[in-house]
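**Student:** What shape does this take:
(chains A and B)
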Amino acid sequence: MLIGSQTWEFSSKPAIIGSSAVVGPDEGKGPLAADFDYVFDNLELGETTWEKAERKLLEHAGSIAIMQAGISKEQLQYFVGGDLMNQIISASFAARTFGAPYLGVFGACSTSMESLALASLMVDSGNAGYVLAGTASHNCTVEKQFRYPTEYGSQKPPTAQYTVTGSGCAVVSAKGSGPRVTHATIGKIQDLGISDPFNMGAAMAPAAADTIVAHFRDTGKTPQDYDLIVTGDLAAVGLPIVKDILKQDGTFMDQTDFQDCGLMIYDRGKQPYVFAGGSGCGCSAVVTYGHILKRIQKGDLNRVLIVATGALLSPLSYQQGESIPCIAHAVAIEKEGL
Amino acid sequence: MGTKTRPGSKVKLNSLSLDAKNYKQIAKKHEPSRNVFANCVRAFLAGGVICVIGQAVQEFFKAVFDMTEREAANPTVAVMIILSIILTSMGVYDKIAQWAGAGSAVPVTGFANSMCSSALESRTEGLVLGVGANMFKLAGSVIVFGVVAAFIVGVIYAIFGIQVRHL
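**Tutor:** Predicted coordinates:
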């Protein structure tokens, strides 16, 4: 049901009955390593191309989520997914493996919550019983497509971010037990003229702020209603900007634990090559489906708001001097039985 | 760019209204500063070390193979290119470059790195449409503008009748 101007309230509270996070070696060295379901010790994953490796991440995460949900592949009714590759090949090719009816979505790094919001909507409206939502990114495919060849010697500025190698998937269901999806706020595109692809945090921060404000306006909630609010991949540059903007606007995020997945996934002190922090489709997906859902299930957290942020640029658009349009989608998840 | 108005280029929150101009100031405030001086020193040191290695290789060819300075130049460049390609293939050159900046980009080793990394990256797309077509993706512009610059300098020399003396 639509509440306010851009928020869906899921009255049946669809359950996340299975979830998984599969990551690469660098994420496996980070502080959340113990929460991931599978850590690959190399970037190749035994595949011949980076693109195949990314697809394997998604296939792997998808099958673990289906297994955890306790359903068979045939029971899966829809797969909603996307990724960062041109023509979202990773999600589409993985959908070939899953065999379920498939909706491909693109929201850059916000795809994790875009797909979860859509999956929950399908389940809540009674149009599906089991929906798999998922996304993946691979450091080398993204470097190759959006930046320079991986081995090219260019100096990155301190605002640069490091694409997460990983995939997160969730099975959303009308019945069964697991954390509940209660709301989703669909973001508007925001573009305040940042055109530096090495400064995604600053480009995406206004979109995150806008979606957070819209969520509270639509639902009548305040930051205090959540035990944890995380943004997707704003990292060390973007998160302080959002804090600053929201404070000036009168939304006091210091009433809650306000963090960023891009900062949580790596230890920037021990992993200086990540620069400002993590990014990519996999970033918010693996932190949410790996770390945060586990904390909810443990009873550590009751209500969480995940604001996945996406920079909707293409290598072509920034070479033509265009600024970076950005988006953020927020999904509220709560503990079962609240 | 940036200050150009485009549809929807304003963000209105509860009380705060952001436009490209005032947002840029907020964003700038949170941007970590880049140490230009330290980068220059590193580039100077790294570039210098690469040149010293090159000089040593040249001296080696002169001493061992009894070459003149001009004869030793080509094999020296070849050795530097091979070294760069080995380091690129081993995944080391990009790490050196993060520290060295322009110091490892400007010498011939940087040019070799740009070609080798492009070739490696596009290997999966095949030899012709992959490696062959993409090898000069980054290095191509160096060649184009190198030729254009050489042409302009050549014209200036021709007009002013400056005698070009080769070594």
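**Student:** okay, CA-based contacts and neighbour counts for the rest of this
**Tutor:** Noted.
**Student:** residues touching A:Gly262, list them.
**Tutor:** Contacts for A:Gly262 (CA atoms under 8 Å, 6 or more residues apart in numbering or on different chains) come out as A:Gly232, A:Asp233, A:Leu234, A:Ala235, A:Gly277, A:Gly278, A:Ser279, A:Cys283, A:Ser284.
**Student:** Let me have those residues in TSV, extended by pLDDT.
**Tutor:** Shown next, in TSV, are the contacts of A:Gly262 (pLDDT from 0 to 100):
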residue	pLDDT
A:Gly232	97
A:Asp233	96
A:Leu234	97
A:Ala235	97
A:Gly277	97
A:Gly278	97
A:Ser279	97
A:Cys283	98
A:Ser284	98
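**Student:** Can you tell me which of those lies closest to A:Pro158?
**Tutor:** A:Gly277 (9.7 Å; CA to CA).
**Student:** Contacts for the host helix or strand of A:Ala61, please.
**Tutor:** If you go by DSSP states H and E, A:Ala61 is part of helix A:50-69. Identification of contacts with helix A:50-69 by CA under 8 Å, 6+ apart yields A:17-23, A:43-47, A:72-73, A:90-91, A:93-94, A:97-98, A:132, A:134-138, A:140-141, A:165-171.
**Student:** let's see 7 Å
**Tutor:** Under the contact criterion CA atoms under 7 Å, 6 or more residues apart in numbering or on different chains, helix A:50-69 has outside partners A:17-22, A:44-45, A:47, A:72-73, A:90, A:93-94, A:135-138, A:140-141, A:166-171.
**Student:** Same question for stretch A:308-320.
**Tutor:** The contact list for stretch A:308-320, computed with CA under 7 Å, 6+ apart, reads A:107-110, A:112-113, A:146, A:195, A:200, A:204, A:208, A:231-233, A:284, A:324-330.
**Student:** can you give me the strands in the stretch 151-300 of chain A?
**Tutor:** For the stretch 151-300 of chain A, the strands defined by DSSP state E, counting those that start in this stretch cover A:162-163, A:166-173, A:180-185, A:228-231, A:257-260, A:278-279.
**Student:** So which of the ones you listed is nearest chain B?
**Tutor:** strand A:162-163 (13.8 Å; CA to the nearest CA).
**Student:** The closest one near chain B at all?
**Tutor:** No: judged by CA under 7 Å from any CA of the partner chain, strand A:162-163 stays clear of chain B, getting no closer than 13.8 Å.
**Student:** quick one: strands adjacent to that strand?
**Tutor:** strand A:278-279 (parallel) (DSSP bridges).
**Student:** where are the low-confidence patches of chain A?
**Tutor:** Filtered on pLDDT under 70, chain A yields no residues whatsoever.
**Student:** Quickly note the distance from the residue of it most remote from its centre to B:Ile96.
**Tutor:** Distance from the centre of chain A peaks at A:Gly153, with 29.3 Å (CA atoms, centre = their mean). Distance of A:Gly153 to B:Ile96, given as CA to CA, to the nearest Å: 7 Å.
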